[in-house]
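# Provide a 3D model corresponding to the input given below.
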Amino acid sequence: MTGLQDRLTPQQVEDFGRELDELRQRIVDDLGQADVDYIHNIIKTQRGLEVAGRALLFAGFFPPAWLAGVTALSVAKILDNMEIGHNVMHGQYDWTRDPALSSQQFEWDTVAPAENWRHSHNYIHHTYTNIVDKDRDVGYGILRMDPAQKWHPYYLGNPVYATLLAIFFQWGVMMHDLEVEKVVKGERTFEENRPILKKIVRKAARQIGKDYVLFPLLTGPLAPLTFLGNATANLTRNLWAFAIIFCGHFPADVESFTEEETAEETRGQWYLRQILGSANISGSPLFHIMSGNLSHQIEHHLFPDIPARRYPEIAGEVRAICEKYGLPYHTGPLHRQLWSVAKKIVKLALPWTGERSAPATVERDRALRAA
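Numbers count the residues shown, from 1 in each chain. Model (predicted):
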């Protein structure tokens, strides 16, 4: 960890925050029909792919049809999860007053209930981004993802836990609000979890019934192939979502923070923490859509309620503002970010408790202020 107070002078922090506020307001003022048309087209595409995928599985006895069906269904589930569900539930389209795009009414095609997710993600994660012991996305209550997390022999299994979390990612997200690790420690009771658990059971039963009972039965003798196809599509979505999310939060250069250094944050300091605690993933326009534009994790953490399609448009300006203030702007291709995350997972499985040294940008900024 490096102290937020060592980055910029108080005046610089507030100037930095004001520039980002002005950028945000300019985009908000420009929102309109093009944004509505975009999300409607994505929803239309997603639904078409799902229908096509389900239909092709009726011909699953023909291997190319099964493969095409699984591919279409996988893409549909990724779009529903990443570019539609995640972004709509962030309130990015609440300004349209369209019930179908309401953050409070939308429900996605995953076992995690939307209501639970909005609390654990929209509130907890985006308020306390990368604050150890406050942001539960730092390790998901399962992994050691920062040296500030006290080591325990349990963490020797870090690589195994990470692999299992990637495979069953939607289930890990589903369990997030239960805070099972606190139940194990006796810090949270079963009774406290009962209302959350009821929602989880209902949603999981509905998802299991749809993907592993109803649709397989509809294909009659091809039920085993349809079951396998649905399972493969869910696995593909899980692996993809895990990769995108972890690459946006846990590459080597991304920083974490303490509760003490983030106490009584100003708006500018909050923006600064989002910049330092996030990383982007470079790629093509199609890659950005398939990631739900979470490949622009920096912009998303800065402006979570702005339609994600706008992030590529403002990324250059955000980067220029960072450069102006001598701040890092972490970005790189998927393979590099994923390798960085994998190394961190393995490294932190061991009893390493060293603190990160201040990056070169910190030293440069201190020199500039001294001059």
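
# Let me know the helix or strand that T232 is in.
Secondary structure assignment for T232, by DSSP states H and E: helix 223-249.

# Now the element after that helix, going C-ward?
Assigned by DSSP H and E, the successor of helix 223-249 is helix 267-276.

# Give me the distance between the residue lying closest to I43 once chain neighbours are set aside and R309.
Among residues not flanking I43 along the chain, I84 sits closest, at 6.0 Å (CB to CB, 6 or more residues apart in numbering). For the C-beta atoms, the positions are set from N, CA and C on the backbone; glycine is no exception. Computed as CB to CB, to the nearest Å, the I84 to R309 distance reads 12 Å.

# which residues do the two both contact?
Here I84 and R309 have I39 as joint contacts, going by CB atoms under 8 Å, 6 or more residues apart in numbering.

# Those two - which one has more neighbours?
Between I84 and R309, counted using other CB atoms under 10 Å, the more crowded position is I84 (24 against 18).

# now the more buried one: how far from T71?
Distance, I84 to T71, by CB to CB: 18 Å.

# centre of the chain versus the helix holding T232, how much separation?
15 Å (CA atoms, centre = their mean, to the nearest Å).

# again with stretch 53-60
30 Å.

# Buried by neighbour count: which residues of that stretch qualify?
Within stretch 53-60, the residues that count as buried by 16 or more other CB atoms under 10 Å are 53-54, 56-58, 60.

# so where does L327 fall, helix or strand?
In this structure, L327 sits in neither a helix nor a strand according to DSSP H and E.

# re the thing from before, the residue nearest to I43 touches T45, doesn't it?
No. Using CB atoms under 8 Å, I84 makes no contact with T45, being 9.8 Å away.

# what residues are up against the residue nearest to I43?
When contacts are counted by CB under 8 Å, 6+ apart, I84 touches 39, 42-43, 46, 108, 292.

# Nearest to D98 among the residues you listed?
Each of these was scored against D98 by CB to CB, and I39 proved nearest at 9.2 Å.

# Model confidence for the residue most central in space within the chain, exactly?
With distances taken as CA atoms, centre = their mean, I245 lies nearest the centre of the chain, 4.1 Å away. pLDDT for I245: 97.

# what sits against it?
By CB under 8 Å, 6+ apart, the contact list for I245 reads L294.

# and if you look at A308?
A308 makes contact with 83, 87, 92, 292-294, 296, 300 under the criterion CB under 8 Å, 6+ apart.

# Can you name every helix or strand that the helix or strand hosting I314 contacts?
Using DSSP H and E, the element containing I314 is helix 311-324. Packed against helix 311-324 by the contact rule (3 or more CB pairs under 8 Å, 6 or more residues apart in numbering; DSSP states H and E) you find helix 10-30, helix 285-290, helix 297-302.

# Give me whichever of the ones you listed is most buried.
Mean neighbour count (mean count of other CB atoms under 10 Å) peaks for helix 297-302 among the helices and strands packed on helix 311-324, with a mean of 24.

# Show residues contacting that one.
Residues from elsewhere that reach helix 297-302, judged by CB under 8 Å, 6+ apart: 20, 24, 126, 129, 248-249, 271, 274-275, 277-281, 293-294, 308, 311, 314-315, 318, 329-331.

# My guess is D146 contacts V138. True?
Yes. D146 is in contact with V138 according to CB under 8 Å; the separation is 5.9 Å.

# joint contacts of the two?
132, 256.
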